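> Predicted model and sequence follow; I will ask about them next.
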Amino acid sequence: MRPSAKRPCLGPAAPDSLNSSFQKRLTKVSIEGNIAAGKSTFVRLLEKYSEEWEVIPEPIAKWCNVQSTDSEYKELTSSQKNGGNLLGMLYDKPTRWAYTFQTFACLSRVKAQLKAASAKLQEAEHPVQFYERSVFSDRYVFASNLFESGCINETEWAIYQDLHTWFLTTFESDMQLDGIIYLRTTPEKCMERLQIRGREEEQGVELEYLESLHHKHETWLHERTMKRIYLEELNLGCSSYLPIPRQTCERSPQICLTWCQPWVDFDNLREMPILVLDVNEDFKNDKIKQEDLIDKVKAFLKS
């Protein structure tokens, strides 16, 4: 997998944008997977393996403590949280907070990807940045799942898509990925790991929710069969795009469903190289399994 040709940003210049020479050498890879699939453990392996590899973790602390000015990535204890715990609010009242959370999550991912790489990485001969999830799974997995389940309404969904598209077109060259690594895990194993890590905000997460997210990851990254359906709200005359699997999703009898072209809205995602790694077996303390995973990542980056 070689770095894709980086197109110039058509909108305002991103803050601390990378120089053109570094951009040409840089490879950007997203690590995707279900909740508690093992992403944090996996990215720590990547970080330790090579000084030419840099990891951009999910800003969990920012989501759990919106007013915090501390590290966006280090998880906080209950006593340290003095701001709004948006992640907890999402799980407590999804119909009230789903749109707010997904909009903030998208914004925080964009800001993280626009940050300048470390000086050490900029000097590397073959620099690689790994992102713990991307703005694409934010939209096509998590936000769309909340829309399908009725937690985000049609108006909110239209606004979210418009904002997401604006981010992707304005900062196009900075948002582009060169590849995706999908950590494939069963929903049951994710539930087991979720309960073991004991994150306070996730205590109410049910297996059914993990199953729906698993299905979206599978159709997008493993089967690559996710389609885009055009929904026409007959009584309002408005329309929007909803990426969903092959089976129809009749959220309302007033919605007319018609098959459209392949679901992907961004050209560079259509033929995106994807490495699928089976991490259903625990690998946190398994050196042989860890070496096997790293070898597969190295081969993927060279392909």
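Happy to help now that I have it. Residues are numbered from 1 along each chain as shown.

> from what I can see residue 94 touches residue 146, true?
Yes. The pair residue 94 / residue 146 is scored as a contact, 6.8 Å apart, by C-beta atoms under 8 Å. For every residue, glycine as well, the C-beta is placed using N, CA and C.

> neighbour count winner among these two?
Set residue 94 next to residue 146 and count neighbours by other C-beta atoms under 10 Å: residue 146 wins out with 23 against 17.

> for that one, what are its contacts?
Shown in contact with residue 146 (C-beta atoms under 8 Å, 6 or more residues apart in numbering): 94, 98, 102, 152.

> show me where pLDDT drops low in the chain?
Within the chain, the segments meeting pLDDT under 70 span 1-19, 61, 66-83, 226-268.

> quick one on the thing from earlier: closest one of the contacts of residue 146 to residue 271?
residue 102 (26.6 Å; C-beta to C-beta).

> Ramachandran angles for that closest one?
phi -60, psi -30 (degrees, to the nearest 10).

> Please tell me I have it right and it contacts residue 157.
No. Using C-beta under 8 Å, residue 102 is not in contact with residue 157, being 9.6 Å away.

> anything in contact with each of these two?
residue 143.

> what about the two, which has more around it?
The neighbour count for residue 102 versus residue 157, taken as other C-beta under 10 Å, is higher for residue 102 (26 against 21).

> List the residues that contact residue 22.
Going by C-beta under 8 Å, 6+ apart, residue 22 touches 117, 122, 127.

> helix/strand/coil for residue 24?
At residue 24 the chain is in helix, as set by DSSP: H, G, I helix; E, B strand; the rest coil.

> Residue 180 too?
strand.

> Any idea how many residues pack against it?
Here the count is done by other C-beta under 10 Å, and residue 180 has 23 residues near it.

> I'd say it and residue 30 touch.
Yes. Shown here, residue 180 and residue 30 form a contact pair, counting by C-beta under 8 Å, at 5.0 Å.

> which neighbours do these two share?
Common neighbours of residue 180 and residue 30 (criterion: C-beta under 8 Å, 6+ apart): residue 134.

> End to end on stretch 118-126, go ahead and measure it.
Here the two ends of stretch 118-126 are set 14 Å apart, with distance taken as C-alpha to C-alpha, to the nearest Å.

> ok, how many other residues are close to residue 130?
With other C-beta under 10 Å as criterion, residue 130 counts 22.

> Mind listing the strands the helix or strand that contains it pairs with, and their directions?
According to DSSP states H and E, residue 130 maps onto strand 128-132. According to DSSP bridges, strand 128-132 forms sheet pairs with strand 27-33 (parallel), strand 53-56 (parallel).
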